[in-house]
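Colleague: Sequence isn't available, so here's the structure alone:
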């Protein structure tokens, strides 16, 4: 037994050349500590024992376990999730500076990590993380989605949780690459499968209200260019709602791609030759689509066969998004009942819903929209599916 002096008197016993146990002699109930020499440094840890004999055994056991870990390349100290996230955030910043990642992507990942991953997982031992911890995280997120103090509870949707858990997976993969945790210790967890989230379209009544709002906006415009833009937007909305075209398909539609078509029942309408990913495909429009085109012919100036249908001063219109959002906002239709924001693509979803509500066969709707029956049934299973083939271009709802 030897005594060390310093700030505090210590009782010390050397168990071998590298291991000692010691405690403060001025504390009657002090626990014995251990110190193990490791290379040029030391490993210090409490034995948790007040009895010297028990402390000797505990110190020897700890030293043995440390030796095993060193032999098999296992980290001696636990790494928290916070440490791993901090390292990953630094990596993301470096990738951004090198130009290997876009700023928006880095901002999304960093925001998710700071807002949710760190508050919940931060203090946990990285190597002890389990799939059950991720399951508990999902439940925690559903009750901790307040936007700000006093705001309405913002319960995350399935897609949001999947993105957050994907961010967690990416961080864990980086931690493995950096040697912060062994790959075998990383939990394998599956995020909930993507549900067939209903697309935010418009009902027949909502579409009629939007059309009325667009009428008002056109009539209110006093500047020539503004009025022209609103009239073109109005025709565009009517045309997409009556054809179900994708935004990209409408963008490249030319006058030569449009021809008259008559159904077996004698209904006169239009056949559109739509440019898809590989080739042109036919699409049969609802008869009211003709009225939208007639209005464009009334104020348009570029109507040759090779001109694009939707142009301003001869320039192809690439995006009606801002004008459409303004019209939806004016009509108080920007969000559906679930709070999902409507976009131009909502017109395609409106077309599908209204056709199925009119008892158009799902097979006809799928073919005419250049998609699969499975996709129609997945996203529009809430609509009625009928069997009258000619109803596919039947009932007209409003005058354009």
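Modeller: Arrived safely. Worth saying up front: this structure is predicted, and the values here are computed from it rather than measured. Numbers count the residues shown, from 1 in each chain.
Colleague: rest of the way, CA atoms for contacts and neighbours
Modeller: Will do.
Colleague: Read off the pLDDT value for the nearest residue to residue 117 once chain neighbours are set aside.
Modeller: Nearest non-adjacent residue to residue 117, counting by CA to CA, 6 or more residues apart in numbering: residue 168, 7.2 Å away. With respect to pLDDT, residue 168 scores 95.
Colleague: Likewise for residue 316?
Modeller: 88.
Colleague: same deal with the one 10 residues further on?
Modeller: Reported pLDDT at residue 326 in the predicted model: 95.
Colleague: hey, where'd the strands end up in the protein?
Modeller: Applying DSSP state E to the chain gives strands spanning 2-4, 10-14, 19-24, 32-38, 41-49, 258-262, 268-275, 280-284, 311-312, 315-316.
Colleague: Go through these and name the closest to residue 221.
Modeller: The closest of the strands of the chain to residue 221 is strand 311-312. By CA to CA, the value is 16.6 Å.
Colleague: which residues does residue 55 contact?
Modeller: By CA atoms under 8 Å, 6 or more residues apart in numbering, the contact set of residue 55 is 21, 32-33, 47-49.
Colleague: Just the buried residues of those.
Modeller: Buried members of those, scored by 16 or more other CA atoms under 10 Å, are 21, 32-33, 47, 49.
Colleague: Kindly reformat those as a markdown table containing pLDDT and distance to residue 127.
Modeller: Below are the buried ones among the contacts of residue 55 laid out as a markdown table (pLDDT from 0 to 100; distance: CA to CA, whole Å):
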| residue | pLDDT | distance to residue 127 |
| --- | --- | --- |
| 21 | 94 | 29 |
| 32 | 91 | 28 |
| 33 | 90 | 26 |
| 47 | 89 | 23 |
| 49 | 90 | 27 |
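Colleague: Looking at those, which is nearest residue 242?
Modeller: Residue 242 lies nearest to residue 47 out of these, by CA to CA, at 77.8 Å.
Colleague: My read is that the closest one contacts residue 63, right?
Modeller: No: if you go by CA atoms under 8 Å, residue 47 and residue 63 don't touch, sitting 10.8 Å apart.
Colleague: Now do the contacts for the nearest residue to residue 314 once chain neighbours are set aside.
Modeller: Once flanking residues are discounted, residue 314 sits nearest to residue 302: 6.0 Å by CA to CA, 6+ apart. Shown in contact with residue 302 (CA under 8 Å, 6+ apart): 308, 311, 313-314.
Colleague: Kindly present those as TSV, with separate columns for neighbour count and distance to residue 326.
Modeller: Shown next, in TSV, are the contacts of residue 302 (neighbours: other CA atoms under 10 Å; distance: CA to CA, whole Å):
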residue	neighbour count	distance to residue 326
308	22	24
311	19	20
313	11	22
314	14	24
